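**Q** sequence plus predicted model, see below.
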Amino acid sequence: MEKRVVITSMGAVTPVGLDVESTWKSMVEGRHGFAPITSFDTSRLKVKCAAQIHDWDPVAMGLNKKDARRMDRYTQFAMAAAKQLMDNAGDLGEFDPYRAGVIVGSGIGGFQTNLDEHVKFLEKGPDRVSVFLIPMMICNMAAGQIAIQYQFKGDNFATVTACATSAHAIGEAFRKIKFGFLDYCITGGSEGTINEYAIAGFQNMGALTEATDCDRLCIPFDKERSGFVMSEGAALLLLEEYEHAKARGAKILGEIVGYGATDDAHHITGPDPNGEGAAHAMMNAMAEAGIRPEQVGYINAHGTSTHLNELCETAGIKLAFGEHAYRLAVSSTKSVTGHMLGAAGAVEAIACAKALQEGILPPTIGYKVPDEECDLDYVTEGARKADVQYALSNSLGFGGHNATLLLKKFEG
């Protein structure tokens, strides 16, 4: 028998808020997190701006000082988000730890640790490389550390699908609960990749904007869009089997009812220009939930502010929804948060859950110049009140990876 899967807690650490409520408030009010990079010298780079978490203090966020020193920045973010989530989850009571899982991914993992230790290797030799290099660097360590902290002993792994990472993580957690393998799952993603080396790589492949006007850095669907803005942080959700949640009196924040995953099989970085892969991910998510396209009222788009992404995603939405595409509200909250890479899908799933719960659709900010090839309703006039029953969250990653989550406004 298939189970209902609900969201019973959330946690987030982003450049626009160190918790879910402040992040959501920034999204609704259209307050972005873009600023000149301050954590390293950008004089050798063309890219000068990012969305950084400034003055990060893991101890102030509730982490043990000794433990935090043995974690990469991305794991620290994940642990801080997990603490929020568990603090807000209510009393879990007695539970079988082997039916509580952690599926938390990272697109790149401990990039900063890898860079720091490589410099040490070159300058001081192999004997000076940290004994913690490997456990700090690997992409699965956030999931492992969360499990250790909260004694969740069930399914535990990390998805790694570039920008679709945390959407895939949530989708896999959804299925684990839906088909009876888990009662709980902490799921989402984390990323901490803002350094000179990473920026250089993304810059040289033409993915990042070199603009310096912070109010026009990340402008999805705008004709003058010129690349994404690197961001960082973590976003996690606690998914739970509905009857289990009801029995313990949990506060239910939303419901996940569908998941679609496809691949473009087209190019290592460029999306399928016809949008077919993205369209099939959306259609698969709706088919799993057994709903018609006309029932979806909002899409949180991948919307990276790159030329090809918006063309292809718009084409995919039209393929999946037909004429209803023109009646849908579509927005990109990356216009506020920037691109959190492996954490993007999770923070955008949180945005969908909040939009359904509060009846407010977050806007696409910074939009000024219409693109005739992107002709849908991108919610560019500010946050919009709307009573929506179903929302889709799209994530599209390098390698052609597509993931769509379908959320439903919770009704007992």
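**A** Done, it's in. Computed from a predicted structure; not experimentally measured.

**Q** could you tell me the end-to-end distance of stretch 152-167?
**A** Stretch 152-167 stretches 21 Å from its first residue to its last (C-alpha to C-alpha, to the nearest Å).

**Q** try stretch 248-261
**A** So stretch 248-261: terminal residues 32 Å apart, C-alpha to C-alpha.

**Q** quick one: average pLDDT of that stretch?
**A** The pLDDT scores in stretch 248-261 average 98.

**Q** SS state for residue 342?
**A** helix (DSSP: H, G, I helix; E, B strand; the rest coil).

**Q** ok, it - contacts?
**A** 105, 106, 107, 108, 160, 162, 163, 165, 166, 189, 190, 191 (C-beta atoms under 8 Å, 6 or more residues apart in numbering). Any C-beta I mention is one placed from the backbone N, CA and C, and that applies to glycine too.

**Q** so which of the residues you listed is the most crowded?
**A** residue 189 (41 neighbours; other C-beta atoms under 10 Å).

**Q** wait, residue 6 touches residue 243, no?
**A** No: with contact taken as C-beta atoms under 8 Å, residue 6 and residue 243 are classed as non-touching, separated by 9.8 Å.

**Q** now do the helices in the stretch 101-250 of the chain.
**A** 111-124, 133-137, 141-150, 165-178, 196-204, 242-247 (DSSP state H, counting those that start in this stretch).

**Q** what separation is there between the closest residue to residue 159 other than its chain neighbours and residue 225?
**A** Computed as C-beta to C-beta, 6 or more residues apart in numbering, the closest residue to residue 159 that is not its neighbour in sequence is residue 105, at 3.8 Å. Using C-beta to C-beta, to the nearest Å, residue 105 is found at 27 Å from residue 225.

**Q** residue 185 and residue 284: what is the separation?
**A** 21 Å.

**Q** and those two? Which one has more around it.
**A** Ranked by neighbour count (other C-beta under 10 Å), residue 185 and residue 284 place residue 185 first, with 31 against 19.

**Q** in contact with that one, which residues?
**A** 100, 101, 102, 103, 154, 155, 173, 176, 177, 238, 239, 240.

**Q** for residue 312, same thing?
**A** With C-beta under 8 Å, 6+ apart, residue 312 has these contacts: 271, 272, 273, 274, 275, 278, 396.

**Q** that older thread, looking at the helices of the stretch 101-250 of the chain, which is buried most?
**A** helix 165-178 (a mean of 28; mean count of other C-beta atoms under 10 Å).

**Q** what about that helix, average pLDDT?
**A** Here the average pLDDT along helix 165-178 is 98.

**Q** distance between it and the chain's centre?
**A** Relative to the centre of its chain, helix 165-178 is centred 13 Å away, using C-alpha atoms, centre = their mean, to the nearest Å.

**Q** got the angle between that helix and helix 141-150?
**A** 50 degrees (axes from the mean of the first three to the mean of the last three C-alpha atoms, to 10 degrees).

**Q** for helix 165-178, name the packing helices and strands.
**A** strand 5-13, strand 100-105, strand 184-191, strand 233-241, strand 254-263, helix 344-358, strand 390-397, strand 401-408 (3 or more C-beta pairs under 8 Å, 6 or more residues apart in numbering; DSSP states H and E).

**Q** what's the fifth one packed up against?
**A** Put plainly, it is strand 254-263. Counting by 3+ C-beta pairs under 8 Å, 6+ apart, strand 254-263 packs on strand 5-13, helix 165-178, helix 276-289, helix 344-358, strand 401-408.

**Q** just give me the closest of the contacts of residue 312 to residue 37.
**A** Of all those, residue 37 sits closest to residue 396, with 25.6 Å by C-beta to C-beta.

**Q** quick one, what contacts that closest one?
**A** 163, 164, 271, 277, 278, 302, 309, 312, 313, 402, 403 are the contacts of residue 396 under C-beta under 8 Å, 6+ apart.

**Q** mind doing that once more with 6 Å?
**A** Residue 396 sits next to 271, 278, 302, 402 when contact means C-beta atoms under 6 Å, 6 or more residues apart in numbering.

**Q** what do you get for residue 115?
**A** With the criterion set at C-beta under 6 Å, 6+ apart, residue 115 makes contact with 195, 197.

**Q** just the CA trace of stretch 56-76, in PDB.
**A** The C-alpha coordinates for stretch 56-76 follow below in PDB (Å, rounded to 0.1, in the frame of the first residue of the first chain):
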ATOM      1  CA  TRP A  56      29.800  32.600   9.300                       C
ATOM      2  CA  ASP A  57      30.100  31.300  12.900                       C
ATOM      3  CA  PRO A  58      29.200  27.600  13.200                       C
ATOM      4  CA  VAL A  59      29.400  27.700  16.900                       C
ATOM      5  CA  ALA A  60      26.900  30.500  17.100                       C
ATOM      6  CA  MET A  61      24.700  28.300  15.000                       C
ATOM      7  CA  GLY A  62      24.800  25.500  17.600                       C
ATOM      8  CA  LEU A  63      27.700  23.300  16.400                       C
ATOM      9  CA  ASN A  64      30.400  22.000  18.700                       C
ATOM     10  CA  LYS A  65      33.600  23.900  18.200                       C
ATOM     11  CA  LYS A  66      35.900  20.900  18.000                       C
ATOM     12  CA  ASP A  67      33.500  19.000  15.600                       C
ATOM     13  CA  ALA A  68      33.100  22.100  13.400                       C
ATOM     14  CA  ARG A  69      36.900  22.400  12.900                       C
ATOM     15  CA  ARG A  70      36.700  18.900  11.400                       C
ATOM     16  CA  MET A  71      34.000  19.700   8.900                       C
ATOM     17  CA  ASP A  72      34.200  21.500   5.600                       C
ATOM     18  CA  ARG A  73      32.100  24.600   5.200                       C
ATOM     19  CA  TYR A  74      29.400  22.700   3.300                       C
ATOM     20  CA  THR A  75      29.000  20.200   6.100                       C
ATOM     21  CA  GLN A  76      28.800  23.000   8.700                       C
END
